[in-house]
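Asker: Fold the following.
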Amino acid sequence: MSAHATAVSSRRTAADVAVQIVAQVANLVLGVVVTALIVRGLGTVRYGQWSTLLAIIELVGTIGNFGLENVAVRYATAEPEREDLWIGAVTTLRAALTVPVIVLYIVAVLVISRDQTMMIAGLVMTLLYLTGVWATLRVTFRLRVRNDIFVGFVLANSVLWTAAVIVITANGGGMVPLAIAFVTISVLVQGILGVFAFRAIRVRWRGTRALWPQLAKLSLLVGIGSTLTYAYGRVDQLLVFEFAPHATEVGLYAAMYKILDTAGFVPVAVMTTLFPIMSGLYPSQPIRLHKLIQLAIDYLTIVSLGGLAFTIAAAGAIVSLLFGPAYHDGIEALPVLMAAFVPICIGFVGGNMVLATGLQSRYIWYAVVGLLVNVALNVALIPVYGFMAAAWVTLATELIVVSLTLVTVLRKIEMRLSLSRIARSTAAAAVSAFVVWRLRDAGASIAWLLLAMAALYPALLIALRAIDLGELQDLIRGRKASASPVEG
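Answerer: Next up is the predicted model:
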């Protein structure tokens, strides 16, 4: 395995992001196929139950992870000579937390399950928490800026899962066979990932418990913030499950939210690569840090505005393609949820800088505000307005929390964010949305709408000077040194 994250080339950094995005696009295509098959195979009610189980798995898993991976990356970046010890510490601590996490999850499944089928499927997926211990070893690839290796395993998982879903749904299988396949594939892929990680770096186990208190101290703050963030982002699924006037609304909302959730691969790919670099730049190189943050926010906003524009213009065509006519009643929620994707993308940058700048305590309060606002509004509005209330509350919550977080981070690092490129991108997105909307009204198919958006939006971005194709590589430059994240 090659050099540490604090001494990799700009070409490696750009390639790492690019490979992740390309692989995740392929993963996205497979995810679309899988979602369409499961949605159509299970129906709105069962799909709502399946999505609720997945939401519980991820929520409880976030509690168990407690931000340990990002904290380990921060410490290992600061002390590269002890990175093998930090990796061993985070893995053993994660293993120690697995038992209470499993107990918490089982209790949640028993409480939330509507019938025996849902309960059995949920209990089968308990085994996923065992794979989480091995998954922690992916920090090895983050430290080497070789996330392309990890994303290869993600893609392999998606290929196997797609094949399993095709076979199961073709034979009329339900939630339980899907759960068994989901767990089996995850155990297999994560096991092989662990083998590759061990070959990439020597992991020290002896003496790692001595690092647990240091990991746990910072992870406690990060974990509380991460858990609250995930809670206000996912609790709406559970509240729709409990309070929606009609049982079918759970599946409708889950299907629309799945599109938003799938789009999240873009900020994840970008910040998975950039976080170790940003962490290494703070506080020694503020000018380069400011430029990198501006770049990340600008380009993530460009991507998210493009997604929002296309969704506004072609929501009906998207839903028809993915889920079929049975889900047309959920169309109105999709543009609202994709509007939330814009602050979500920006929030990934701010959220990662919270850890790098030591603002975890402040962020916890922002996340608490977000959770309280989300729950209060959803409990009050879902019984009356159904899943559409949950969509609007999601947007409002993201705007509140991301705004508070970004202002605090920018003040901490003494940076003023430029909005000029974002304004030009907004104009390009608005024009693109109008053209696609007119084509849709003229009877154009989804394929032509996609082609029009793919051709027009980038052209407008270039014409309005919202993007510079050579900027990413030119901006991330520096000399090979411990204080510098990349070399030219």
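
Asker: Three-state assignment for residue 380, please.
Answerer: helix (DSSP: H, G, I helix; E, B strand; the rest coil).

Asker: Report the contact partners of it.
Answerer: Residue 380 makes contact with no residue under the criterion C-beta atoms under 8 Å, 6 or more residues apart in numbering. Placement of C-beta: from N, CA and C, glycine included.

Asker: if you set the cut-off to 10 Å instead, what comes out?
Answerer: By C-beta atoms under 10 Å, 6 or more residues apart in numbering, residue 380 lies in contact with 243, 389, 393.

Asker: wouldn't residue 182 be in contact with residue 126 here?
Answerer: No: assessed by C-beta atoms under 10 Å, residue 182 is found out of contact with residue 126, at 11.7 Å.

Asker: okay, the two: which has more neighbours?
Answerer: More neighbours surround residue 182 than the other of residue 182 and residue 126, with 22 against 17 (other C-beta atoms under 10 Å).

Asker: what pLDDT does that one get?
Answerer: In the predicted model, residue 182 carries a pLDDT score of 93.

Asker: And residue 244, by the same measure?
Answerer: 87.

Asker: Now residue 114. Nearest residue, chain neighbours left out?
Answerer: Counting by C-beta to C-beta, 6 or more residues apart in numbering, residue 49 is the residue found nearest to residue 114 once chain neighbours are left out, at 6.3 Å.

Asker: I'd guessed the one you found sits against residue 117; true?
Answerer: Yes: at 8.1 Å, residue 49 counts as touching residue 117 under the criterion of C-beta under 10 Å.

Asker: between these two, who's got more neighbours?
Answerer: Counted by other C-beta under 10 Å, residue 49 and residue 117 do not tie: residue 49 has more neighbours, with 24 against 15.

Asker: What residues does the more buried one make contact with?
Answerer: With C-beta under 10 Å, 6+ apart, residue 49 has these contacts: 42, 112-115, 117-118, 121-122, 175, 241, 247, 250-251, 254.

Asker: Of all the residues you listed, the one with the weakest confidence?
Answerer: residue 247 (78).

Asker: Tell me, what's the model's pLDDT at the closest residue to that residue other than its chain neighbours?
Answerer: Nearest non-adjacent residue to residue 247, counting by C-beta to C-beta, 6+ apart: residue 45, 5.3 Å away. Turning to residue 45, the model gives it a pLDDT of 84.

Asker: and residue 91, how many neighbours does it have?
Answerer: 23.

Asker: Might one say that it is in contact with residue 194?
Answerer: Yes: counting by C-beta under 10 Å, residue 91 does reach residue 194; the two are 9.2 Å apart.

Asker: which residues are common contacts for the two?
Answerer: Residues touching both residue 91 and residue 194 by C-beta under 10 Å, 6+ apart: 133-137, 203.

Asker: got any ranges where the stretch 51-200 of the chain has weak pLDDT?
Answerer: In the predicted model of the stretch 51-200 of the chain, residues 63-67, 134, 141-148, 200 satisfy pLDDT under 70.

Asker: now, which of the contacts of residue 49 sits nearest residue 371?
Answerer: Nearest to residue 371 out of the contacts of residue 49 is residue 241 (C-beta to C-beta; 17.2 Å).

Asker: what about that closest one, distance to residue 249?
Answerer: Using C-beta to C-beta, to the nearest Å, one gets 9 Å for the distance from residue 241 to residue 249.

Asker: which residues do these two both contact?
Answerer: Common contacts of residue 241 and residue 249, defined by C-beta under 10 Å, 6+ apart, comprise 48, 382.

Asker: Specify the helix with the largest residue count in the chain.
Answerer: helix 10-65 (DSSP state H).

Asker: now that helix, how far from the chain's geometric center?
Answerer: For helix 10-65, the separation from the chain centroid amounts to 9 Å (computed by C-alpha atoms, centre = their mean, to the nearest Å).

Asker: if we can go back for a sec, inside helices: which ones of the contacts of residue 49?
Answerer: Those of these lying in helices (DSSP H): 42, 112, 117-118, 121-122, 175, 241, 250-251, 254.

Asker: Now do the same contact list for residue 213.
Answerer: Contact analysis of residue 213 by C-beta under 10 Å, 6+ apart lists residue 93.

Asker: Does it lie in a helix or a strand, and which?
Answerer: If you go by DSSP states H and E, residue 213 is part of helix 212-243.

Asker: could you give the mean pLDDT of stretch 319-337?
Answerer: On average, stretch 319-337 scores 89.

Asker: ends of that stretch, how far apart?
Answerer: With C-alpha to C-alpha, to the nearest Å as the measure, stretch 319-337 spans 13 Å from end to end.

Asker: buried ones in it?
Answerer: 319, 322-323, 326-327, 329-331, 333-337 (16 or more other C-beta atoms under 10 Å).

Asker: before we move on, what about stretch 402-416?
Answerer: Applying 16+ other C-beta under 10 Å to stretch 402-416 flags 402, 404-406, 408-410, 412-413, 415 as buried.

Asker: who's in contact with that stretch?
Answerer: Counting by C-beta under 10 Å, 6+ apart, 225, 229, 278, 281-283, 286-287, 289-291, 293-294, 297, 340, 342-354, 356-359, 362-363, 365-367, 369-370, 417 sit against stretch 402-416.

Asker: about what we covered before: angle of the following helix or strand past the longest helix of the chain against helix 212-243?
Answerer: Later in the chain than helix 10-65, the nearest helix or strand by DSSP H and E is helix 68-78. Orientation note: helix 68-78 sits at an angle of 150 degrees relative to helix 212-243 (axes from the mean of the first three to the mean of the last three C-alpha atoms, to 10 degrees).

Asker: who does helix 68-78 touch, helix- and strand-wise?
Answerer: With contacts taken as 3 or more C-beta pairs under 10 Å, 6 or more residues apart in numbering; DSSP states H and E, helix 68-78 sits against helix 83-112, helix 139-143, helix 212-243, helix 265-281, helix 333-357.

Asker: Can you name every helix or strand that the helix or strand just after the fourth one contacts?
Answerer: Following helix 265-281 in sequence order, the next helix or strand is helix 286-322 (DSSP H and E). Here helix 286-322 is seen to pack against helix 10-65, helix 248-263, helix 265-281, helix 333-357, helix 387-412, helix 420-441, helix 446-463, helix 471-475 when contacts are counted using 3+ C-beta pairs under 10 Å, 6+ apart.
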